[in-house]
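Q: Give me a 3D structure for the following:
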Amino acid sequence: MRVAPTTERQIDPAKRTRRGRPAFRMSSAGKGDVVLKCQSRLEWLFAMLFVLHPGISEIYFQPLIVNLTRSKVYRKKIKLDPRCKYYIPDFLIVVNGKEFIVEVKSAALLGMTNKDFDQIQEIFEKNAIGFCKLTELDLGEAENNIRILYEYCVHDADSVTTWSNDLKSLLETHQGINHVKELAGLVEPVNWYVCAGILRGVISFDLLSWDLMGMNFPVVQAYGSLKHLEVISFV
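A: From the prediction side, this is the model:
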């Protein structure tokens with residue numbers, strides 16, 4: 001475990017924030033914190049996207065504190081020194097074995113913030129931790145797609161696997177299927193099998209451009225690849 005045990009993690013946004021914003025609670029689907037607590041809708045959407053991302057194995061909300069004055073990173077509860085300046089990041093995620101700190105903000109607020117992100121990034125790099133900033137511009141029009149797929153992702157795993165296997169068998173025996181609308185009457189409800197197929201790498205899906213709610217997109221077999229769910233690239 002790369003971060004402090006849950007009992008040592010000090011930040012509960014429902015208690016910490018004085019801005020009166022509600023805490024969005026959600027399942028991490030077994031990736032890190034059992035329950036993720038997000039302070040904004042944007043954080044909530046990105047947390048769902050992290051759950052879907054196949055390269056992300058762990059997700060933690062506000063798991064550490066950075067003393068900007070002394071350039072130190074703390075992974076457990078500390079006594080704050082009023083003489084020092086601190087930074088508490090939104091998320092720590094583990095991507096293909098590497099830790100990344102993620103700051104989530106609206107593009108407008110990011111442009112007005114007085115945080116020195118160059119200094120923050122330098123501190124993290126010295127601790128072998130990556131750093132990136134994400135805004136709603138990175139999501140495009142993908143909100144509905146993310147929310148729908150997330151609900152299936154945290155659904156009963158056996159059912160999702162069964163639906164995806166059934167879709168795979170169907171595509172193997174009906175090789176002329178080129179559009180999801182052509183699945184009507186072959187599997188029902190179509191959205192169950194399509195969403196399961198996307199999550200299990202049976203079919204590909206353009207998360208940022210296609211419309212999952214309208215079920216109006218081509219059937220492109222993925223042959224086990226989940227690259228279509230890696231919407232955000234971490235390097």
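Q: And for residue 94, the neighbour number?
A: A count of neighbours around residue 94, defined by other CB atoms under 10 Å, yields 18. Quick note: C-beta positions are derived from backbone N, CA and C, even for glycine.
Q: pLDDT score for it?
A: Looking at residue 94, its pLDDT reads 97.
Q: Kindly confirm my reading that it is in a helix.
A: No - counting by DSSP: H, G, I helix; E, B strand; the rest coil, residue 94 is not part of a helix but strand.
Q: Could I get the contacting residues of residue 178?
A: With contact set as CB atoms under 8 Å, 6 or more residues apart in numbering, residue 178 has these partners: 218, 219.
Q: what about it, distance to residue 217?
A: 11 Å (CB to CB, to the nearest Å).
Q: Now do the contacts for the residue nearest the centre of the chain.
A: Centroid check for the chain by CA atoms, centre = their mean gives residue 50 as the closest residue, at 1.6 Å. Residue 50 makes contact with 31, 56, 59, 91, 93, according to CB under 8 Å, 6+ apart.
Q: Neighbour-wise, give me the winner out of these.
A: When neighbours are taken as other CB under 10 Å, the top entry among the contacts of residue 50 is residue 93 (26 neighbours).
Q: Walking through this structure, point out its strands one by one.
A: Secondary structure of the chain (DSSP state E): strands at 24-27, 35-38, 56-61, 65-67, 72-74, 86-87, 91-95, 98-104, 130-134.
Q: Include distance to residue 186 when you put those strands into TSV, please.
A: Shown next, in TSV, are the strands of the chain (distance: least, CB to CB, whole Å):
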stretch	distance to residue 186
strand 24-27	31
strand 35-38	37
strand 56-61	33
strand 65-67	54
strand 72-74	54
strand 86-87	53
strand 91-95	37
strand 98-104	40
strand 130-134	39
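Q: who wins for proximity to residue 195 among those strands?
A: Closest approach to residue 195 among the strands of the chain (CB to CB): strand 24-27, 16.7 Å.
Q: Sheet-wise, list the partners of that closest one with their directions.
A: Strand 24-27 has its sheet partners listed here by DSSP bridges as strand 35-38 (antiparallel).
Q: how distant is the strand it pairs with from the center of its chain?
A: With CA atoms, centre = their mean, to the nearest Å as the basis, strand 35-38 stands 12 Å off its chain's centre.
Q: Pull out the buried positions in that strand.
A: Across strand 35-38, burial judged by 16 or more other CB atoms under 10 Å covers 36, 37, 38.
Q: and the last one, what is it in contact with?
A: Just to be clear, that refers to residue 38. Neighbours of residue 38 in contact, by CB under 8 Å, 6+ apart: 13, 23, 24, 25, 26, 44, 47, 61.
Q: which stretches of the protein have low pLDDT?
A: Applying pLDDT under 70 to the chain flags residues 1-22.
Q: redo that, cut-off 80
A: Counting by pLDDT under 80, the chain contains low-confidence residues at 1-23, 114, 235.
Q: So what are the structural domains in it, by residue number?
A: According to automatic domain parsing, the chain comprises the domains 6-138, 143-229.
Q: and of the ones you listed, who's closest to residue 235?
A: The nearest among the domains of the chain, by CB to CB, is domain 6-138 at 7.8 Å.
Q: tell me how far that closest one is from the chain's mean position?
A: How far domain 6-138 lies from its chain's middle: 12 Å, per CA atoms, centre = their mean.
Q: Farthest from the middle of the chain: give me that residue.
A: residue 83 (35.0 Å).
Q: Alright, I will stop here.
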